[in-house]
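**Q** What would the 3D arrangement of this be:
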Amino acid sequence: MGISRACASKWVNRYRRYGELGLCDRPSTPRRQPHATPGNVVVRIEQMRRDHKWSAGRITFELHVEGVPICRRTVSRHLAALGLNRRRFIDPSGDLNREPRKINARWPGHMVHVDVKKVGRIPDGGGWRIHGRGTTQAKKAEQAKRKTKRGGYVYLHSAVDGYSRLAYTEALSDEKAVTAIAFLHRARAWFAAHGITRINRVVTDNGACYRADAFARAMLGSRHQRITPYTPRHNGKVERYNRILAEEFLYAREWTSEDERAAALNVWNIHYNYHRPHGASHGRPPASRLPVGVTNVVASYN
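**A** Residues are numbered from 1 along each chain as shown. So this is what the prediction gives:
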């Protein structure tokens, strides 16, 4: 059985003494714990958490005020053991007892989310996804890729309407401010052709191209809102679109050249906006939430 004689003897003696119950797993907690947190302190931690919804740091501070020396990590461990480490676990209804700070788009053009996704350029003949890593063809493709401009990358600039989830994407050669400004103007014209004639707010991250003064002057009456640094969820609609773009377009099939993928991007834009079901539209494509006056545009793509 691969066990020692002492281990076998221990289990045999347990069976003889307790029967089948003696073979059940036992907790590995030692019988005596002189440094364990007293039970009344654990009760006090639970009481503070349920009554005041305090964090582990605040509970640690209050216990120190009451003369109980305890560290924050210990409080966090007890909250997890009690099942109270998450705010949604405190109330039976699952309410957070506070209104989350959430700003949603109220109409088409209210909030347009803009972002850039950098992807590797596809060399002629295909890359390592077709030939495999370490092969002769893959090494030649990698050498040719390094000689190309901008280190062999393509920058996918995307703009997503926060209300309808209508998306517009272009594959460009860089992410400079002048490139981002030109893309924004073309995106405005594209949205205007789909009935979104006014963009109230443009939401971006804190990339260098979006911090430029020229980009701020290119708003044309729109408000430029940059998200909190290192908080991509504040620009979550376009971040989620980038994930869909990667899963269903960029890596969904093998490409033999960059020109082939760039041509297919135009087809992807039509498929995403007019045919692909979207959860935010209750299983309908984003174009279903367009203004009524652009039904002729929708019909031209179907």
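**Q** now residue 44, nearest residue through space, not along the chain?
**A** Closest residue to residue 44 apart from its sequence neighbours, by CB to CB, 6 or more residues apart in numbering: residue 63 at 7.0 Å. Backbone N, C-alpha and C define where each C-beta goes, glycine included.
**Q** just how off-centre is the helix or strand containing that neighbour within its chain?
**A** If you go by DSSP states H and E, residue 63 is part of helix 56-65. Here helix 56-65 is found 33 Å from its chain centre; the criterion is CA atoms, centre = their mean, to the nearest Å.
**Q** Show the contacting residues for residue 238.
**A** Residues near residue 238 by CB atoms under 8 Å, 6 or more residues apart in numbering: 113-115, 158-160, 203.
**Q** Export those as a markdown table, with columns for distance to residue 239 and secondary structure.
**A** As requested, those are exported to a markdown table (distance: CB to CB, whole Å; DSSP: H, G, I helix; E, B strand; the rest coil):
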| residue | distance to residue 239 | secondary structure |
| --- | --- | --- |
| 113 | 8 | strand |
| 114 | 11 | strand |
| 115 | 7 | strand |
| 158 | 10 | strand |
| 159 | 13 | strand |
| 160 | 9 | strand |
| 203 | 11 | strand |
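**Q** Would you map the strands across this structure?
**A** Taking DSSP state E as the criterion, the chain carries its strands at 112-120, 153-161, 167-172, 201-204, 223-226.
**Q** that older thread, show me what the helix holding residue 63 packs onto, helices and strands only.
**A** helix 39-52, helix 72-82 (3 or more CB pairs under 8 Å, 6 or more residues apart in numbering; DSSP states H and E).
**Q** mind listing what's buried in the first one?
**A** So the one you mean is helix 39-52. By neighbour count on 16 or more other CB atoms under 10 Å, the buried set for helix 39-52 is 41-42, 44-46, 48-49.
**Q** Just put those residues in JSON lines and tack on pLDDT.
**A** Listed next are those as JSON lines, based on pLDDT from 0 to 100:
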{"residue": "41", "pLDDT": "94"}
{"residue": "42", "pLDDT": "94"}
{"residue": "44", "pLDDT": "94"}
{"residue": "45", "pLDDT": "94"}
{"residue": "46", "pLDDT": "93"}
{"residue": "48", "pLDDT": "91"}
{"residue": "49", "pLDDT": "89"}
